[in-house]
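Novice: Need coordinates for the below:
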Amino acid sequence: MGKTPDKELQIVPLTEMPDNSSFCCKSAELNDFLKNDALKDQEYMVSRTYLCCWNKDIVGYLALVADTLEVEAIDEYDKIAGYLYHRYPAVKIARLAVHKDYERRGIGKFMLLTTIGKAIAISKEIGCRYITVDSKPESVGFYEKHGFRIVEKYRHSDTPKMYLNMYPILKRV
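Specialist: Reported below is the predicted structural model:
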């Protein structure tokens, strides 16, 4: 199957438990989060989940949380000269999953671009320069392809921490 047209995809906030019984990605942990924890985590104000829908089907989802990024953990050219603190504010992709029947159709990229848009909007209200993710090893290439850099000290962990500096993106726009 080819790419799913972006104009046909819709991102909607999780506001009540939809019928998500048909959602199935390759990760049991990600399936379980959507079915059992996403709504509760929103109620407790620890994450926000957004569904990616196509033709009324849930084809993916992402969950976002607040995060920080250690100044010494990132590459020199991504640092802010004269920054006085030890951590940068960030938005974290806590979960990003694509239904297994819709993989490699541009849905992950669409959700990632949605995350960048949300982070840029947040940065207009509060300080936020970076997007972070604790990637699954099999997803590192996906994030690198979209400009994320791996934090070297976490390179060999089970979930390597990665970051995207939004400042250069804003400067190009």
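
Novice: What residues does the residue most central in space within the chain make contact with?
Specialist: Against the mean C-alpha coordinate of the chain, by C-alpha atoms, centre = their mean, the closest residue is residue 93 at 3.1 Å. Residues in contact with residue 93 (C-beta atoms under 8 Å, 6 or more residues apart in numbering) are 62, 63, 64, 112, 115, 131, 132, 133. (Each C-beta comes from the backbone N, C-alpha and C, glycine too.)

Novice: In strands only, show me these.
Specialist: In this view, these that belong to strands under DSSP state E are 62, 63, 64, 131, 132, 133.

Novice: Got a quick ChimeraX command for the buried subset of those?
Specialist: Here is the ChimeraX command that selects only those of these that count as buried (16 or more other C-beta atoms under 10 Å):
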select :62,63,64,131,132,133
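
Novice: rewinding a little: so what are the sheet partners of the helix or strand harbouring the residue nearest to the centre of the chain and their directions?
Specialist: Here residue 93, judged by DSSP states H and E, is contained in strand 87-98. Sheet pairing for strand 87-98, assigned by DSSP bridges, gives strand 57-70 (antiparallel), strand 130-134 (parallel).

Novice: could I have the lowest-mean-pLDDT helix or strand in the chain exported to CSV, CA atoms only?
Specialist: Confidence across the helices and strands of the chain bottoms out at helix 167-172, with a mean of 84, counting by mean pLDDT, DSSP states H and E. Listed next in CSV are the C-alpha coordinates belonging to helix 167-172 (Å, rounded to 0.1, in the frame of the first residue of the first chain):
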residue,chain,number,x,y,z
TYR,A,167,15.3,26.3,17.1
PRO,A,168,16.8,25.6,13.6
ILE,A,169,13.4,24.5,12.4
LEU,A,170,11.8,27.8,13.5
LYS,A,171,14.6,29.7,11.9
ARG,A,172,13.9,28.0,8.5
